[in-house]
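>>> Give me a 3D structure for the following:
(2 chains)
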There are 2 protein chains.
Amino acid sequence: MRAAIIHGPGDIRVEDRPDPKILTPTDAVVRVTASCVCGSDLWPYRGAREPGDPHPIGHEFIGIVEAIGDQVRTLSVGDLVIAPWAISCGQCPACRDGVQTSCGHRASWGGSDEHGLPVDGGQSEAVRVPLADGTLVAVPGVSQPDDALAKSLLTLSDVMGTGHHAALSAKAGPGRTVVVVGDGAVGLCAVLAAKRLGAERIIAMSRHADRAALAREFGATDIVAERGKAAADQVKALLGGVLADSVLECVGTAESMDQALRCTRPGGAVGFVGVPVGGAELPVWTLFRKNIAVAGGAAPTREYLPELLEDVLAGTINPGKVFDAVMPLEAAAKAYSAMDERRAIKVLLRP
Amino acid sequence: MRAAIIHGPGDIRVEDRPDPKILTPTDAVVRVTASCVCGSDLWPYRGAREPGDPHPIGHEFIGIVEAIGDQVRTLSVGDLVIAPWAISCGQCPACRDGVQTSCGHRASWGGSDEHGLPVDGGQSEAVRVPLADGTLVAVPGVSQPDDALAKSLLTLSDVMGTGHHAALSAKAGPGRTVVVVGDGAVGLCAVLAAKRLGAERIIAMSRHADRAALAREFGATDIVAERGKAAADQVKALLGGVLADSVLECVGTAESMDQALRCTRPGGAVGFVGVPVGGAELPVWTLFRKNIAVAGGAAPTREYLPELLEDVLAGTINPGKVFDAVMPLEAAAKAYSAMDERRAIKVLLRP
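The predicted structure is shown next:
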């Protein structure tokens, strides 16, 4: 089969790899129908995080179950499934607590499972999925989604669930004012998630007309293009002299966290889901003095998948609109450069 | 009148000061009946925080209203009142949001008010209280509390409300396991607050027999004397192989925050109320990876005062037991050294 391999910063190649097979009784093999590039894939691509030895990449995909191991109970061959960005057993204490990202059975896409067996990346034609029952979610009653539905289902792997995690962590909801820092796919999904949770006033920070337009479509009531103190002043002016109750940090840099904290009122909450880069730390004295709560982290999208899937299937949310480009898997290198250069918000890859 | 003045590290003197008078129409003058030394008073006393020019000290007191300004509406001469550690107007957005510690009308005990007029410290015979309606809480139906009640009322200035803030911030409650880091007066009150909120399993960290005994009396089910990784392992063993849901950080050092984070399960919550010293920062990557929520800060004890006062008056909580020494105001220097050397948990000062 063909799969995207990261060889180093700026170096993505699509290469031949062995066809995945069932290796343990809890495995499934999934034929990928759509995958995509994540903002966090850009960190090793940019060299901001050490990419390590060449390895398969990608952690977001949907596809059709092609084979299952003897112990798989919740899936059947032919099911359309969504793979969350994190592999999880579904049964350990962390999984039972809804924090599948801390599952005790360590395994990762493009890396290896707890037995040391290799696991394919999501940007591939097919993937061996360890701990299939705990990881995959079958889409009931759908096997051939149309393009729009396929895109929205694919966002449940990561970006929509991650935006939801930001919104929940920042306590977004009815009567709470919201600021979203970051206008990438996660930031846009965070706007949609805040709207879905009932927030009425949602300020999106964006300097890109296309992203700002989608933010408005997803529920943003205001767009702020400023940065730093000027942005916080603008938020305060928009909200009648007070800062925001809930701020969703969807980037992961020291600057974006600083921006988030500047926009949060005393006693407010920051939900942060941007993968931290560059050794960002949180200024404990600022949090202490202003009583700002900080929650979030690596989003347990597996936990949120059933509830968000219901809304996607009902058509009440359409997060797939974050995909503004579709390319064949063979063009993965182009997909990375398009996202790196901000020519695309998020690129879907078709094997 | 007589008042404790901090002249520098290790240098507390009780000196003559002008008798307080009403200076603005929203003032009250309170004759102090009991005040005390706070763990946070020890930071400048130890030189861990710059004490600045000589100034009156103390931010916890109860007393009798002796005079009120023309615009004071909720208080009468003769009322027994509790002064929270933070002065607040009660009407600005922060106060309305229940974060009186971020009141827009900056004023501080032992410092000055928003008009630049001096404000007495709590460790004094009497205090001019600015913004009296927003700050002071009258105790209904009591003017001459007995010693035990007076002690419990005095804890509502700071330590009991601060322990409650830690417990709330860490989401302590029914079905949640709790660890309390710190066995000072705040840590002990945090145990009591967690118990009051319905937590059934409360692990207190202590190496002092007297403090551990009081922690047990306040509701701790287990005491852990270890530190660092050994302490986290002990917590895990006590909780059947998982770390705690709620961890209450009641010290304020980098070590205590590290201890708190080590004891928190993935997806758990840290409530922190220890005044941060030594430039502590929060490791954002640890929070991200483990999805640990961090909340807390300078406790808005004014917000919690009515509800906690009700329980103190009903006798259902007795936080005044944290006072294990009573000294005359004239012996303030001895009170500081007793607390500094850990010969006392908390010292009450009688003017």
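>>> any idea how far the worst-scoring helix or strand of chain A on mean pLDDT is from the chain center?
Among the secondary structure pieces of chain A, namely its helices and strands, strand A:281-283 has the lowest mean (mean pLDDT, DSSP states H and E), a mean of 84. When C-alpha coordinates are averaged (CA atoms, centre = their mean, to the nearest Å), strand A:281-283 and its chain have centres 23 Å apart.
>>> Please give the number of neighbouring residues around the closest residue to A:Ala215 other than its chain neighbours.
Residue nearest to A:Ala215 in three dimensions, not counting chain neighbours: A:Ala204, with 3.8 Å by CB to CB, 6 or more residues apart in numbering or on different chains. Just so you know, the C-beta spots here come from the backbone N, C-alpha and C atoms, and that holds for glycine as well. A count of nearby residues for A:Ala204, using other CB atoms under 10 Å in any protein chain shown, gives 28.
>>> so what does the next helix or strand after the least confident helix or strand of chain A touch, helix or strand wise?
Counting by DSSP states H and E, the element after strand A:281-283 in chain order, helix or strand, is helix A:284-290. If contacts are counted by 3 or more CB pairs under 8 Å, 6 or more residues apart in numbering or on different chains; DSSP states H and E, helix A:284-290 sits against helix A:254-262, strand A:264-272, strand B:281-283.
>>> Packing partners of the shortest one?
It refers to strand B:281-283. Applying 3+ CB pairs under 8 Å, 6+ apart, one finds that strand B:281-283 makes contact with strand A:281-283, helix A:284-290, helix B:254-262.
>>> mind putting these in JSON lines, distance to A:Ile6 included?
As requested, the helices and strands packed on strand B:281-283 are arranged in JSON lines below (distance: least, CB to CB, whole Å):
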{"stretch": "strand A:281-283", "distance to A:Ile6": "28"}
{"stretch": "helix A:284-290", "distance to A:Ile6": "35"}
{"stretch": "helix B:254-262", "distance to A:Ile6": "32"}
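>>> Mind checking those for the one nearest to A:Asp133?
Each of the helices and strands packed on strand B:281-283 was scored for nearness to A:Asp133 using CB to CB, and the closest is helix B:254-262 (31.7 Å).
>>> continuing past the helix or strand the residue nearest to A:Ala215 falls within, what's the next helix or strand?
For A:Ala204, the host element (DSSP H and E) is strand A:201-205. Next in sequence after strand A:201-205, counting helices and strands by DSSP H and E, comes helix A:209-218.
>>> Quickly run through the sheet partners of the following helix or strand past that next one, with directions.
Tracing the chain past helix A:209-218, the next element assigned as helix or strand by DSSP H and E is strand A:222-224. Strand A:222-224 sits in its sheet next to strand A:201-205 (parallel), going by DSSP bridges.
>>> ok, residues contacting the strand it pairs with?
Here strand A:201-205 makes contact (CB atoms under 8 Å, 6 or more residues apart in numbering or on different chains) with A:177-183, A:187-188, A:191, A:194-195, A:212, A:215-216, A:219-225, A:227, A:231, A:235, A:238-239, A:244, A:259.
>>> How about stretch A:308-320?
A:82, A:137, A:139-140, A:142, A:148-156, A:159-161, A:163-164, A:189, A:192, A:196.
>>> And for stretch A:321-340?
A:2, A:4, A:12-14, A:35-37, A:39, A:41-42, A:45-46, A:123-125, A:151, A:154-155, A:159, A:185, A:188-189, A:210, A:214, A:217-218, A:344-351.
>>> From start to finish, how long is it in a straight line?
Using CA to CA, to the nearest Å, one end of stretch A:321-340 lies 19 Å from the other.
>>> If we go by neighbour counts, what in that stretch is buried?
Residues of stretch A:321-340 classed as buried by neighbour count (16 or more other CB atoms under 10 Å in any protein chain shown): A:321-327, A:329, A:331-340.
>>> Filter those residues down to the ones in strands?
Among these, the ones falling in strands (DSSP state E) are A:325-327.
>>> And those residues, which is closest to chain B?
Closest approach to chain B among those (CB to the nearest CB): A:Ala325, at 28.4 Å.
>>> is the closest one in a bridge, and if so with what?
Bridge pairing for A:Ala325 (DSSP bridges) gives the partners A:Val347.
>>> Around chain B, pick out the residues from chain A.
A:93-94, A:97-99, A:101-102, A:169, A:241-242, A:257, A:265-267, A:269, A:272, A:275-276, A:279-285, A:287-298, A:300 (CB under 8 Å from any CB of the partner chain).
>>> switch the cut-off to 7 Å
Contact residues of chain A with respect to chain B, defined by CB under 7 Å from any CB of the partner chain, are listed as A:93-94, A:97-99, A:101-102, A:242, A:265-267, A:276, A:280-285, A:287-291, A:293-295, A:297-298.
>>> Any quick PyMOL command for the buried ones out of those residues?
The PyMOL selection below is limited to those of these classed as buried (16+ other CB under 10 Å):
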select buried, chain A and resi 93+94+97+99+101+102+242+265+266+267+276+280+282+283+284+287+288+289+290+291+293+294+295+297+298
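>>> still on that earlier bit, quick one, which of the contacts of stretch A:308-320 are buried?
The neighbour-count test (16+ other CB under 10 Å) applied to those identifies A:82, A:137, A:139, A:149-156, A:159-161, A:163-164, A:189, A:192, A:196 as buried.
>>> mind listing which of the residues you listed are in helices?
Among the buried ones among the contacts of stretch A:308-320, the subset assigned to helices under DSSP state H consists of A:149-155, A:159-161, A:163-164, A:189, A:192, A:196.
>>> Now for those residues: which two are most distant?
Taking CB to CB, the two most distant members of these are A:Ala150 and A:Arg196; they sit 20.3 Å apart.
>>> In the stretch 51-200 of chain A, what residue spans correspond to strands?
With DSSP state E, counting those that start in this stretch as the criterion, the stretch 51-200 of chain A has strands at A:55-56, A:61-68, A:80-83, A:126-129, A:137-138, A:177-181.
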